[in-house]
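*Asks:* Structure for this input, please:
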Amino acid sequence: MYRLVALDVDGTLVDSKGVITPTVRQALEETIDNGVEVVIISGRNAEGVSLIINQIGRDLWYVSSGGAMTGRLGTNEIIRQAFIDQATMRTIIELAREAGAGIFVELPRKLYWEGDERYLTWLTSIEGVNICKMEDILQDIHSEPLKMTLVMEREPLLDLEKKINELQLDLHITYSSPVYMEITPAGVNKGVAVQHMASYLNIPMSQVMAVGDGENDIPMIKVAGLGVAMGNAPQVVKDAADLVVPTNDEDGLVKALQLANGKAVQWKG
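*Replies:* Next comes the predicted model:
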């Protein structure tokens with residue numbers, strides 16, 4: 001039995017329609033009732049994560065913005081935050097504009113967008129989150145962001161990543177999907193966040209399970225005592241995992257939660 005389970009949201013906790021299925025919900029409630037600490041860990045900002053936790057109906061720890069913020073919803077407790085400085089934000093936005101990328105800028109409770117709205121049609125995972133559409137983010141945002149996400153077709157997005165890397169900025173870059181490049185401060189990722197959460201709760205990493213489906217989940221999958229990839233994950237994520245369960249549309253998370261609860265589990269892999 002594991003004492004802490006870190007769960008990605010999109011592609012893991014929810015199915016391809018963005019829904020927590022009844023079967024997954026039941027397994028999740030059983031896990032929580034058994035005394036396992038469940039941490040929701042997502043690239044979404046705190047507002048987006050709170051929508052999921054409210055659906056679950058339990059007071060849970062969460063990690064939002066790809067590891068940049070850690071807190072607990074019910075008590076409004078924040079134990080960790082990391083921000084991108086404004087000068088770096090400006091540089092990234094200028095490069096993204098030149099490349100024609102869509103730009104998300106994440107604050108804890110606000111999500112701002114600048115760019116071609118056709119890219120927003122790719123966004124199916126955060127229904128209900130208020131997206132503030134801006135003509136000029138640089139004129140409207142005066143706070144340091146937790147995370148930035150650049151959105152465009154894969155090949156030009158990789159070219160844009162190369163240009164950003166050439167500047168040797170103090171950043172961590174990863175992908176939540178082939179067309180979503182997530183940018184956080186250096187040293188900020190889901191793996192570091194899970195380690196920090198486990199230390200805060202005095203739980204050894206050997207008793208931590210992490211479940212995800214995206215490239216941005218690889219750091220936590222690697223550091224966990226048991227790293228689990230969803231069947232819908234890219235091969236690079238599966239290769240990093242100790243175990244691969246069925247897809248999110250097959251309630252694969254249930255299998256992982258059963259293992260977390262110490263149950264013997266069988267399925268056709």
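
*Asks:* Could I get the full set of helices for the chain?
*Replies:* For the chain, helices defined by DSSP state H occupy the ranges 22-33, 46-56, 86-99, 137-140, 154-166, 190-200, 218-223, 235-240, 252-260.

*Asks:* got those as CSV, with mean pLDDT, mean neighbour count and distance to Val211 columns?
*Replies:* Every residue, glycine included, has its C-beta placed from N, CA and C. CSV is the format used below for those (pLDDT from 0 to 100; neighbours: other Cβ atoms under 10 Å; distance: least, Cβ to Cβ, whole Å):
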stretch, mean pLDDT, mean neighbour count, distance to Val211
helix 22-33, 96, 16, 11
helix 46-56, 92, 19, 14
helix 86-99, 96, 16, 30
helix 137-140, 86, 14, 33
helix 154-166, 96, 14, 25
helix 190-200, 97, 20, 11
helix 218-223, 98, 24, 8
helix 235-240, 98, 15, 11
helix 252-260, 95, 25, 5
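
*Asks:* could you dump the ones you listed to JSON lines with distance to Arg3?
*Replies:* Output for the helices of the chain, formatted as JSON lines (distance: least, Cβ to Cβ, whole Å):
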{"stretch": "helix 22-33", "distance to Arg3": "11"}
{"stretch": "helix 46-56", "distance to Arg3": "19"}
{"stretch": "helix 86-99", "distance to Arg3": "37"}
{"stretch": "helix 137-140", "distance to Arg3": "41"}
{"stretch": "helix 154-166", "distance to Arg3": "37"}
{"stretch": "helix 190-200", "distance to Arg3": "9"}
{"stretch": "helix 218-223", "distance to Arg3": "15"}
{"stretch": "helix 235-240", "distance to Arg3": "22"}
{"stretch": "helix 252-260", "distance to Arg3": "9"}
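
*Asks:* between these, which gets nearest to Ile131?
*Replies:* Distance to Ile131, taken as Cβ to Cβ, is lowest for helix 46-56 among those, at 10.1 Å.

*Asks:* orientation of the closest one relative to helix 22-33 in degrees?
*Replies:* On the basis of axes from the mean of the first three to the mean of the last three Cα atoms, to 10 degrees, helix 46-56 is oriented at 90 degrees to helix 22-33.

*Asks:* Now do helix 46-56: which elements does it pack against?
*Replies:* Judged by 3 or more Cβ pairs under 8 Å, 6 or more residues apart in numbering; DSSP states H and E, helix 46-56 is in contact with helix 22-33, strand 37-41, strand 61-64.

*Asks:* what residue ranges in the stretch 101-250 of the chain are flagged as low confidence?
*Replies:* Scanning the stretch 101-250 of the chain for pLDDT under 70 picks out 122-129.

*Asks:* how deep is the closest residue to Gly100 other than its chain neighbours tucked in, by neighbour count?
*Replies:* Distances taken as Cβ to Cβ, 6 or more residues apart in numbering put Met152 closest to Gly100, at 6.5 Å, once the chain neighbours are dropped. The number of residues packed near Met152 is 23, by other Cβ atoms under 10 Å.

*Asks:* do the same with Pro204
*Replies:* Count around Pro204 with other Cβ under 10 Å applied: 11.

*Asks:* Same check on Ile84?
*Replies:* Other residues close to Ile84 by other Cβ under 10 Å number 24.

*Asks:* So what does the residue nearest to Gly100 have for phi and psi?
*Replies:* In terms of degrees, to the nearest 10, the main-chain angles of Met152 are phi -170, psi -180.

*Asks:* Now do the contacts for the residue nearest to Gln86 when sequence neighbours are not counted.
*Replies:* Spatial nearest neighbour of Gln86, chain neighbours left out: Glu144 (5.8 Å); criterion: Cβ to Cβ, 6+ apart. Applying Cβ atoms under 8 Å, 6 or more residues apart in numbering to Glu144 gives the contacts 83-86, 89.

*Asks:* just Leu13 next, same as before
*Replies:* By Cβ under 8 Å, 6+ apart, the contact set of Leu13 is 7, 20, 24, 28, 40, 52, 248, 253.

*Asks:* Can you give me the distance of it to Met181?
*Replies:* 22 Å (Cβ to Cβ, to the nearest Å).
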